[in-house]
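*Asks:* Would you be able to build a 3D model of this:
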Amino acid sequence: MRAVYVEWADSETIELGGWSLVKEINHEIHVCVTVGWLAREDSESIVVASSISASGDQCSCACVIPKVSIVRRLYIAVPKRKVKNV
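*Replies:* Here you go, the predicted model:
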């Protein structure tokens with residue numbers, strides 16, 4: 001399992017409070033940063049988990065990020081684990 005740093009463009013729901021003119025809707029793209037373990041990847045998305053088990057078969061707090069939203073992805077060097085499974 002690899003550690004990863006991901007910058008990704010977030011989606012936003014704008015509460016308009018009723019009918020509004022489309023040209024008057026103010027919006028801004030926000031870039032988020034997620035750091036964690038690359039738990040899964042397929043052709044459409046990646047899954048980044050905040051924690052993984054030592055064996056790598058379980059994870060916690062997973063974030064699914066569509067690949068079309070990824071602005072930048074960097075892999076993080078992590079030293080080899082010294083503690084054996086308990």
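*Asks:* List the contacts of residue 59.
*Replies:* Contacts for residue 59 (C-beta atoms under 8 Å, 6 or more residues apart in numbering) come out as 37, 39, 47, 49, 51, 52, 53. For the C-beta atoms, the positions are set from N, CA and C on the backbone; glycine is no exception.
*Asks:* which SS state does residue 23 fall under?
*Replies:* The assignment at residue 23 comes out as helix when based on DSSP: H, G, I helix; E, B strand; the rest coil.
*Asks:* So for it, what pLDDT did the model give?
*Replies:* Per-residue confidence at residue 23 stands at 89 (pLDDT).
*Asks:* hang on, the earlier thing: show me which of the contacts of residue 59 is closest to residue 21.
*Replies:* Taking C-beta to C-beta as the measure, residue 21 sits nearest to residue 47 out of those, at 39.0 Å.
*Asks:* Now that closest one: phi and psi?
*Replies:* Dihedral angles phi and psi of residue 47 (degrees, to the nearest 10) take the values phi -120, psi 120.
*Asks:* What of residue 8?
*Replies:* Dihedral angles for residue 8 - degrees, to the nearest 10 - are phi -150, psi 150.
*Asks:* coming back round to it: which among the contacts of residue 59 gets closest to residue 15?
*Replies:* Set against residue 15, the nearest of the contacts of residue 59 by C-beta to C-beta is residue 47 (29.3 Å).
*Asks:* How about the secondary structure of residue 68?
*Replies:* helix.
*Asks:* quick one, longest strand in this structure?
*Replies:* The residue-count maximum for a strand in the chain (DSSP state E) belongs to strand 31-41.
*Asks:* thinking again about what came up before, okay, the contacts of residue 59 in a markdown table with distance to residue 27 next?
*Replies:* As requested, these are exported to a markdown table (distance: C-beta to C-beta, whole Å):
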| residue | distance to residue 27 |
| --- | --- |
| 37 | 32 |
| 39 | 31 |
| 47 | 27 |
| 49 | 30 |
| 51 | 34 |
| 52 | 36 |
| 53 | 40 |
